[in-house]
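Peer 1: Give me the fold of what follows.
(chains A and B)
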Amino acid sequence: EVQLVQSGAEVKKPGESLKISCKVSGYTFTNYWIGWVRQMPGKGLEWMGIIYPGDSDTRKSPSFQGQVTISADKSIKTAYLQWSSLKASDTAIYYCARGSGWFPGAGFDYWGHGTLVTVSS
Amino acid sequence: QSVLTQPPSASGTPGQRVTFSCSGSSSNIGSNTVNWYQQLPGTAPKLLIYNDDQRPSGVPDRFSGSKSGTSASLAISGLQSEDEADYYCAAWDDSLNGSVFGTGTEVAVL
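Peer 2: Purely as a prediction, here's the structure:
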């Protein structure tokens, strides 16, 4: 059974750093893209970026370039999304999801449950 | 600001057919396939349609997708109360070298 298990909710202050995780099981981690999607409170879905754990090929939305880092650790089948300096506007639910095909634009067929990140002074 | 535009809402009575659009451009829908997602309240999105018109295993055939030029559409036939959700289209954008989601459509069953 394919599963994407995300790390728990976080409460941080502006300026702090954060790294959230997405641990997968039930399939070969290095053979599928893993993407990150942001959903701000009461808002729609935003595609942030995607990584191919097999070779660490990473694509990012221009909106998130320089704002976040996407990485993956093959040895523990885990993808990461990290910030070096959080802002209040980073408050959102962050989902990881598996790409269903070889193309980075293929549909996300399995999703994590989401990690709520709250940034407040 | 999303480059894929959807109507903010759509509605119908049980049993009706509801259709709504996703409008893009030549760099996204015009040159790449479209995926549709359903997001029920308080839950993670779920893949509903991929490659313009394909349904993943387990998705009822009441849901269908189509595409023409730089626009795509999602149709729900035999509308049911459990279809009340937000629906998002998505497509790869060659100019952005990344995917984009649509603005989302909230479907209400009256």
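Peer 1: Mind telling me what element the residue nearest the centre of chain A is part of?
Peer 2: Centroid-nearest residue in chain A, with CA atoms, centre = their mean: residue A:36, separated by 3.3 Å. Secondary-structure element containing residue A:36, defined by DSSP states H and E: strand A:34-39.
Peer 1: Give the other helices and strands that the helix or strand that that strand is followed by contacts.
Peer 2: Downstream of strand A:34-39, the next assigned helix or strand under DSSP H and E is strand A:45-52. With contacts taken as 3 or more CB pairs under 8 Å, 6 or more residues apart in numbering or on different chains; DSSP states H and E, strand A:45-52 sits against strand A:34-39, strand A:57-60, strand A:69-73, strand B:85-93, strand B:98-101. Heads up, the C-betas are built off the backbone N, CA and C, glycines and all.
Peer 1: The same query, at a cut-off of 10 Å, please.
Peer 2: Contacts defined by 3 or more CB pairs under 10 Å, 6 or more residues apart in numbering or on different chains; DSSP states H and E place strand A:45-52 against strand A:34-39, strand A:57-60, strand A:69-73, strand A:78-83, strand A:92-99, strand B:85-93, strand B:98-101.
Peer 1: Give me the sheet partners of the last one and which way each runs.
Peer 2: The partner list of strand B:98-101 in its sheet, established with DSSP bridges, is strand B:85-93 (antiparallel).
Peer 1: The strand it pairs with: how far from the chain's middle?
Peer 2: Per CA atoms, centre = their mean, to the nearest Å, the displacement of strand B:85-93 from the mean C-alpha position of its chain is 5 Å.
Peer 1: Now stretch B:11-19: average pLDDT?
Peer 2: Computed over stretch B:11-19, the mean pLDDT rounds to 97.
Peer 1: Also stretch A:113-121?
Peer 2: Across stretch A:113-121, pLDDT averages out at 98.
Peer 1: Report whether that stretch contacts chain B.
Peer 2: Yes. Applying CB under 10 Å from any CB of the partner chain, one finds that stretch A:113-121 is in contact with chain B at A:113, A:114.
Peer 1: hmm, who's touching that stretch?
Peer 2: Judged by CB atoms under 10 Å, 6 or more residues apart in numbering or on different chains, the contacts made with stretch A:113-121 from elsewhere in the structure are A:3-16, A:18, A:20-22, A:36-39, A:41, A:81, A:83, A:86-96, B:42-45.
Peer 1: if you set the cut-off to 6 Å instead, what comes out?
Peer 2: Residues lying outside stretch A:113-121 but in contact with it, judged by CB atoms under 6 Å, 6 or more residues apart in numbering or on different chains, are A:6-7, A:9-14, A:20, A:86, A:88, A:90-91, A:93-95, B:44.
Peer 1: For the residue in chain B positioned nearest to chain A, give me its contacts.
Peer 2: The shortest separation between chain B and chain A is 2.7 Å, found at residue B:92 (distances taken as CB to the nearest CB). Residue B:92 sits next to A:105, B:32, B:99 when contact means CB under 6 Å, 6+ apart.
Peer 1: ok, and the most crowded of those residues?
Peer 2: residue B:99 (27 neighbours; other CB atoms under 10 Å in any protein chain shown).
Peer 1: Tell me the bridge partners for that one.
Peer 2: When bridges are assigned using DSSP bridges, the partners listed for residue B:99 are residue B:92.
Peer 1: Which residue, other than its chain neighbours, is closest to residue B:5?
Peer 2: Among residues not flanking residue B:5 along the chain, residue B:23 sits closest, at 4.6 Å (CB to CB, 6 or more residues apart in numbering or on different chains).
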